[in-house]
Structures are given as C-alpha cells and as structure tokens.
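In: coords below, sequence missing:
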C-alpha cells in the first residue's frame, strides 16, 4: 500500500506484463472520466467504443473479472454503462455501498440494508433543503444518491458555484456532522455511509478471489482505492492530479489502449 501521492512516472507498457500474468485478475474501473469523457449532463455519459471493445475482450478471458466501481447508484450506472442483465461485468455503486453480481454469483454474507428509517428520513430532509439552495442558481443541481446526494456545478459560473458548495457544506456541518463529505471535479458529495471505493474494491477482491487487482480512476474520489492497493496490484490515474497510482495515462483514449494491450498480454499468458 502506498502511503502518499506520487508523480506516477512508471510507463504503463512496462508495468502491464506482471499484472497480466497473475492467476485471477480483477480489473476494477471507474467510469466517468476513465472509460468515458466527462459530460455536462452526467446521464449522457457513455464509454468510448475502444474501451467497450477492450472490456469485451477481457471478460471473455479465463480467470479475468471486470468490474465498474463508481460513485453513481447501481441504477444510474447500469444506464450509462448500457449494462444488461446478461452482462458478465460486476458493478460496485455508491462508492462501494451497492453491488451487482453477474448471474450465478451469490451474495456474500453480511450484505445489509443501506440505512435505517432515521437515516433515510434525514437524507430526504437534507436533499430537499439542498435543492432549495441550488434552485435559484443557474446550472447547479442535486443528484439523489442511495445514501445521500451530490451537488453538481459543472454548468455554473465559478463565483456562484463556490457559494453553492459553501452553503451546502454549512448545512451538512450543522445538521449531519457525522456524514462523509467528498469533493471532485465540479461536485461535492455527502453520504451517511462512510465506505469509499477502497471498500468496494476490497469486497470485489474477496468475492472473486482475485490474486491481483488493476484499478483505474480519474478523480479525487478514486484515490481511496488507489491508496489501498496491495504490492502485487497496479493503480492507474487517468488525467492530471496528485495520485497514489504507479502509472498515469492522459485520457480515456489512452486508457482504452492500455486495456487493449492488457487483453493481448492476458490472452498470451493463458
């Protein structure tokens, strides 16, 4: 496990052979900004064709598991990923709180409800108040999440966006100080569950029996998982920003090329 952010200077072509040769590989992938360019309307996000093709190659290989690990709810993640009931791709939504398993995969012991009635009621009240705060601000909106909500300001003028985030941060500090706060690109998110993508990856690793994990993401919210990878794993940061990943790629296009090369190496190793 890496203790601090690095410059991620290792060339990915040199890093892939070791991870490609592991016995059972879990490829855990953020979606927005990693497989798909960021969109002003998040529900219009779709993976680029090259990434889709590479994933199809990978899931067809023996002892190779692909999972999408996202802050999105499972419901929304299935829409943007165009994910059908027959898919072999696992899903971990709401930063690891929710999980969708391919047919034939049994739920692990210990799965529980998202929250109790008190938490759900508080969440509904705070969502309503957050929506009142953003209503007069052009381009700002609230996305309902399974265990909280997200404030989006991608289409909002910077001076107004800062005010929106500050007002809702004050609301949460006053009304729900134990909630977890996350910030990312033009967003802030508040949840009563404290799991991060590291918990989602850990659960996937345990359920699939993976001997190594490749995890990739593009934002601050992905650093939870990148920071908790084990020595045999490989972390990939897509785009700029301080990171715990060992390698970096420029964008979704380069990452799709990485996945395609991984499929080549993995097929040869089988």
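Out: Received the coordinates, thanks. Only a predicted model underlies this, so the values are computations on that prediction, with no experimental measurement involved.
In: contacts and neighbour counts: CA atoms only from here.
Out: Fine.
In: can you tell me which helix or strand residue 99 belongs to?
Out: Element membership of residue 99, judged by DSSP states H and E, is strand 98-100.
In: Show me what counts as buried in the helix or strand that comes right after that strand.
Out: The helix or strand immediately downstream of strand 98-100 is helix 117-134, counting by DSSP H and E. Neighbour counts using 16 or more other Cα atoms under 10 Å place 119, 123, 124, 126, 127, 130, 131, 133, 134 of helix 117-134 among the buried residues.
In: One more: stretch 73-87?
Out: For stretch 73-87, a neighbour-count test (16+ other Cα under 10 Å) marks 73, 74, 77, 78, 80, 81 as buried.
In: Ends of that stretch, what's the gap?
Out: 17 Å (Cα to Cα, to the nearest Å).
In: any chance you could map the helices in the stretch 51-200 of the chain?
Out: Shown for the stretch 51-200 of the chain, the helices assigned by DSSP state H, counting those that start in this stretch span residues 74-80, 117-134, 158-175, 197-208.
In: Turn these into CSV, including mean pLDDT.
Out: What follows is the helices of the stretch 51-200 of the chain, written out as CSV (pLDDT from 0 to 100):
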stretch, mean pLDDT
helix 74-80, 95
helix 117-134, 94
helix 158-175, 95
helix 197-208, 95
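In: Compare those and give me the one nearest residue 61.
Out: helix 197-208 (14.7 Å; Cα to Cα).
In: Distance from the next helix or strand after the closest one to the middle of the chain?
Out: Sequence order places strand 212-217 as the next helix or strand after helix 197-208, per DSSP H and E. With Cα atoms, centre = their mean, to the nearest Å as the basis, strand 212-217 stands 11 Å off its chain's centre.
In: before we move on, what about stretch 255-262?
Out: 18 Å.
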